[in-house]
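In: can you look at this prediction? I've put the sequence above it.
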Amino acid sequence: MSETAELKLPGQTIELPIVVGTENEKAVDISNLRAKTGFITLDNGYMNTGACTSAITFIDGEKGILRYRGIPIEVLAERSSFLETAYLLIEGKLPNQAELDFFTNRVRRHTMIHEDIKRFYDGFPRDAHPMAILASVVSSLSTFYQHEESRSEADHFSLNTVRLLAKLPTIAAYAYKKSIGQPLMYPQNSMSYCENFLHMMFSTPAEHYDVDPLMTEILNLLLILHADHEQNCSTSTVRMVSSSKASLFAAITAGICALWGPRHGGANEEVIDMLTQMRNEGGGVRKYIDQAKDKNSKFKLMGFGHRVYKNFDPRAKIIKAACDKLLSKMKIADPLLDLAKELEEAALKDSYFIERKLYPNVDFYSGIIYKAMGIPTVAFTVMFALGRLPGWIAHSKEYSNEPGNKINRPRQIYIGEPLAEYVSIEKRK
Ligand code: CMC
């Protein structure tokens, strides 16, 4: 017999089913709680709420474990390619060679964006934030593919998946080129996914550009590491929007907007700003650690802490090693990297950070790599979005294929005015 939990409420005691995951994670299923008792649960910030069951990604935040479809992130980081990882997340299994070739070729064939979209870029201010451009252009994609009712829902989803994976690097690179006044570079479909992105970012029609194989390798690694992270803020947003049956383009646009915030993907940009400020102001890392601990200050150490990880973020470990490798091979001595290491060392010894289990997260070192690659700070979160895209798509698909799925609609406890009078305007104070 499956386990149950007993809940004692004023005047009644009820039994609730316990749901056990494949890694022995346990949840109390409260879906019938309100119908049975009139009570709901309250959990501000979803600190303790499982919004769904999912077979995509497993995280053990205490042990620092991250697996996509059961495969450890360390293995994928070493052996996989970004498109293979995308296939794994979206389709639920590693592709065989024929499946991978078919998928890769399909993505390659959809890298161009409609010529009319190029004109949108003229409408944005020159200094427009690239995350705003990314969200706007992705949202606009639905207008170019709105008359496709003849396709089955599954075919439509699969085609839009390919379109998004193929076009997002082009959309992102165009935003960068526009911001620096250079001509937009068309994709080169003979190149790999990561080579093509670097080509669109850094080549010009004026001279030959060879894509650096090490940069390609590190970019591939970073995209894999960012590809999914179960029910984070942007992914939950994508699931939420998908639950309304809005289009995949709409759901991904919403995910991009959610990712933008500094508590989420925007932290990688803030890390570099913080380190730059530290370097410019001088005075050592201690000053900033003390400020981060001061409850009267709003300052937090950006790139530190995580809702789920109470141990080293396994992605941060891999990124730190990649950062060392890239900078030493490129013979770059970045004072920000030295400062980051100094800050990490000091924070990890500090009782405030130890007690709260605050460790460097995925955003702490990634910005230093992007900087070394020549990617401007404002575009760091765009890089995160390129990586996270397959995760968003996989979750939207999982949600949409769930039999009997319902619109996501949390409840609340109302704490406003009780029944109030409508006072006519001349009598209002
Ligand atoms: N610097 C100083 N104190 C911190 C930090 C930090 N970076 N992070 C958490 N704390 C403190 C926090 O003040 C609180 O202290 P107390 O218990 O005394 O009130 C305690 O640690 C618990 O933190 P919390 O804010 O309640 O935890 P949370 O799960 O709500 O927030 C977080 C997680 C990631 C938003 C937060 O750690 C943070 O703001 N970090 C900096 C921003 C950042 O690096 N974000 C990227 C997250 S990883 C990638 C991603 O998700 O996109």
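Out: Received it, and whenever you're ready, just let me know what you need. Numbering: from 1, shown residues only.
In: count the neighbours of the residue in the stretch 251-400 of the chain that the ligand sits nearest to for me.
Out: Nearest residue of the stretch 251-400 of the chain to the ligand: residue 305, at 2.4 Å (CB to the nearest ligand atom). Just so you know, the C-beta spots here come from the backbone N, C-alpha and C atoms, and that holds for glycine as well. Using other CB atoms under 10 Å, residue 305 has 20 neighbouring residues.
In: same check, this time on residue 203
Out: Neighbours around residue 203, by other CB under 10 Å: 19.
In: also residue 58?
Out: 19.
In: relative to residue 231, how far out is it?
Out: 12 Å (CB to CB, to the nearest Å).
In: what residues are up against the residue of the stretch 251-400 of the chain closest to the ligand?
Out: 356, 358, 359, 361 (CB atoms under 8 Å, 6 or more residues apart in numbering).
In: secondary structure class for the spatially closest residue to residue 201 that is not a sequence neighbour?
Out: Among residues not flanking residue 201 along the chain, residue 173 sits closest, at 4.8 Å (CB to CB, 6 or more residues apart in numbering). Following DSSP: H, G, I helix; E, B strand; the rest coil, we place residue 173 in the helix state.
In: for residue 27, same thing?
Out: Residue 27 ends up strand, using three-state DSSP.
In: burial check on it, number of neighbours?
Out: 16.
In: run through the residues that contact it.
Out: Contacts of residue 27 by CB under 8 Å, 6+ apart are 18, 19, 21, 50.
In: quick one, strands of the protein?
Out: 4-9, 12-20, 26-28, 57-60, 65-68, 71-72 (DSSP state E).
In: show the buried residues in the contacts of residue 27.
Out: Taking 16 or more other CB atoms under 10 Å as the criterion, what is buried in the contacts of residue 27 is residue 50.
In: got JSON lines for the contacts of residue 27, with distance to the ligand and pLDDT too?
Out: Output for those, formatted as JSON lines (distance: CB to the nearest ligand atom, whole Å; pLDDT from 0 to 100):
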{"residue": "18", "distance to the ligand": "25", "pLDDT": "97"}
{"residue": "19", "distance to the ligand": "23", "pLDDT": "96"}
{"residue": "21", "distance to the ligand": "21", "pLDDT": "96"}
{"residue": "50", "distance to the ligand": "16", "pLDDT": "96"}
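In: quick check: which ranges of this protein have low pLDDT?
Out: 1 (pLDDT under 70).
In: spell out which parts of it neighbour the ligand.
Out: Counting by CB under 6 Å from any ligand atom, the residues of the chain close to the ligand are 232, 263-265, 267, 292, 300-307, 356, 358, 361-363.
In: rerun at 5 Å
Out: 263-265, 267, 292, 300-301, 303-305, 307, 356, 361, 363 (CB under 5 Å from any ligand atom).
In: could you work out the most separated pair of those?
Out: The span of the residues of the chain next to the ligand, defined through CB to CB, is set by 265 and 356 at 22.0 Å.
In: ok, the two, which is more surrounded?
Out: Comparing residue 265 with residue 356 by other CB under 10 Å, the one with more neighbours is residue 265, at 28 against 13.
In: doesn't residue 259 make contact with that one?
Out: Yes: judged on CB atoms under 8 Å, residue 265 makes contact with residue 259 at a distance of 3.8 Å.
In: now do the shared contacts for these two.
Out: Joint contacts of residue 265 and residue 259 (CB under 8 Å, 6+ apart) are 234, 381, 384, 385, 388.
In: now do whichever residue of the stretch 1-150 of the chain sits closest to the ligand: how many residues are near it, please.
Out: Of all residues in the stretch 1-150 of the chain, the one sitting closest to the ligand is residue 45 (6.1 Å; CB to the nearest ligand atom). The tally of other residues near residue 45 (other CB under 10 Å) stands at 7.
In: give the contact list for residue 204.
Out: 182, 183, 185.
In: with adjacent residues omitted, what lies nearest to the second one?
Out: Just to be clear, that refers to residue 183. residue 205 (5.8 Å).
In: residue 93: which of the contacts of residue 27 is nearest?
Out: Nearest member of these to residue 93, counting by CB to CB, is residue 21, at 19.3 Å.
In: OK, contacts around the closest one?
Out: 27, 53.
In: likewise for residue 262?
Out: 269, 270, 302.
In: if we use 7 Å, what do you get?
Out: Counting by CB atoms under 7 Å, 6 or more residues apart in numbering, residue 262 touches residue 270.
In: for it, give its distance to residue 422.
Out: From residue 262 to residue 422 the distance is 40 Å (CB to CB).
In: got the CA coordinates for stretch 164-172 in PDB?
Out: The C-alpha trace of stretch 164-172 is given here as PDB (Å, rounded to 0.1, in the frame of the first residue of the first chain):
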ATOM      1  CA  LEU A 164      13.600  28.500 -32.400                       C
ATOM      2  CA  LEU A 165      16.900  26.500 -32.000                       C
ATOM      3  CA  ALA A 166      18.100  27.600 -35.400                       C
ATOM      4  CA  LYS A 167      17.000  31.200 -35.300                       C
ATOM      5  CA  LEU A 168      17.800  32.300 -31.700                       C
ATOM      6  CA  PRO A 169      21.600  32.600 -32.400                       C
ATOM      7  CA  THR A 170      20.900  34.600 -35.600                       C
ATOM      8  CA  ILE A 171      18.500  36.900 -33.700                       C
ATOM      9  CA  ALA A 172      21.000  37.400 -30.900                       C
END
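In: buried ones in that stretch?
Out: Buried, per 16+ other CB under 10 Å, within stretch 164-172: 164, 165, 166, 167, 168, 169, 170, 171, 172.
In: and if you look at stretch 352-365?
Out: Those would be 353, 358, 359, 360, 361, 362, 363, 364, 365, for stretch 352-365 by 16+ other CB under 10 Å.
In: count the neighbours of the residue nearest to residue 124 when sequence neighbours are not counted for me.
Out: Take residue 124 and drop its neighbours on the chain: the residue closest to it by CB to CB, 6+ apart is residue 133, 5.8 Å away. Neighbours of residue 133 under the rule other CB under 10 Å: 23.
In: I'd guessed residue 133 sits against residue 175; true?
Out: Yes: between residue 133 and residue 175 there is a contact under CB atoms under 7 Å: 4.3 Å.
In: what residues are up against the closest residue to residue 161 other than its chain neighbours?
Out: Using CB to CB, 6+ apart and skipping the chain neighbours, the partner closest in space to residue 161 is residue 393 (5.2 Å). By CB under 7 Å, 6+ apart, the contact list for residue 393 reads 90, 161, 164.
In: same thing but at 8 Å, please
Out: By CB under 8 Å, 6+ apart, the neighbours of residue 393 are 86, 89, 90, 161, 164, 165, 248, 252.
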